[in-house]
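> Sequence and computational prediction follow.
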Amino acid sequence: MTITVAGEKKEYKDGLTLPELIELENVETPQYVTVSINDEFIETENKDKTVLKEGDSVEFLYFMGGGQ
């Protein structure tokens, strides 16, 4: 199946789960990453049971603290 990851179209096996994608994409600090699929945020408790579908668009978002 073809999905878009961070703006790049990629081929993956059918039935790919979100945790598998996170591992395949070597996401740094996966416990702190926020995931958006088709512009909808995935709740932390739903990450493990999320299965990706043909045409999905996935973004990995990191929120940074800091300031003055």
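In hand now; what should we look at?

> This structure: strands as residue ranges?
2-5, 8-11, 34-37, 40-41, 57-61 (DSSP state E).

> can you list the ones you listed in CSV and add mean pLDDT and distance to Asp48?
Placement of C-beta: from N, CA and C, glycine included. Listed next are the strands of the chain as CSV, based on pLDDT from 0 to 100; distance: least, CB to CB, whole Å:
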stretch, mean pLDDT, distance to Asp48
strand 2-5, 98, 18
strand 8-11, 98, 21
strand 34-37, 97, 12
strand 40-41, 97, 15
strand 57-61, 96, 15
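
> want to throw those into a markdown table with distance to Ile22 and mean neighbour count?
Shown next, in a markdown table, are the strands of the chain (distance: least, CB to CB, whole Å; neighbours: other CB atoms under 10 Å):
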| stretch | distance to Ile22 | mean neighbour count |
| --- | --- | --- |
| strand 2-5 | 10 | 15 |
| strand 8-11 | 14 | 10 |
| strand 34-37 | 8 | 16 |
| strand 40-41 | 15 | 10 |
| strand 57-61 | 8 | 15 |
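
> Quick one: closest of these to Lys47.
Between Lys47 and the strands of the chain, the shortest gap by CB to CB is with strand 34-37, which sits at 6.6 Å.

> mind putting the strands of the chain in CSV, distance to Leu21 included?
Formatted as CSV, these follow (distance: least, CB to CB, whole Å):
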stretch, distance to Leu21
strand 2-5, 7
strand 8-11, 9
strand 34-37, 9
strand 40-41, 16
strand 57-61, 7
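
> how about these, which one is nearest Asn26?
strand 57-61 (10.6 Å).

> among the strands of the chain, which is nearest Pro19?
Proximity to Pro19 (CB to CB) singles out strand 34-37 among the strands of the chain, at 10.2 Å.
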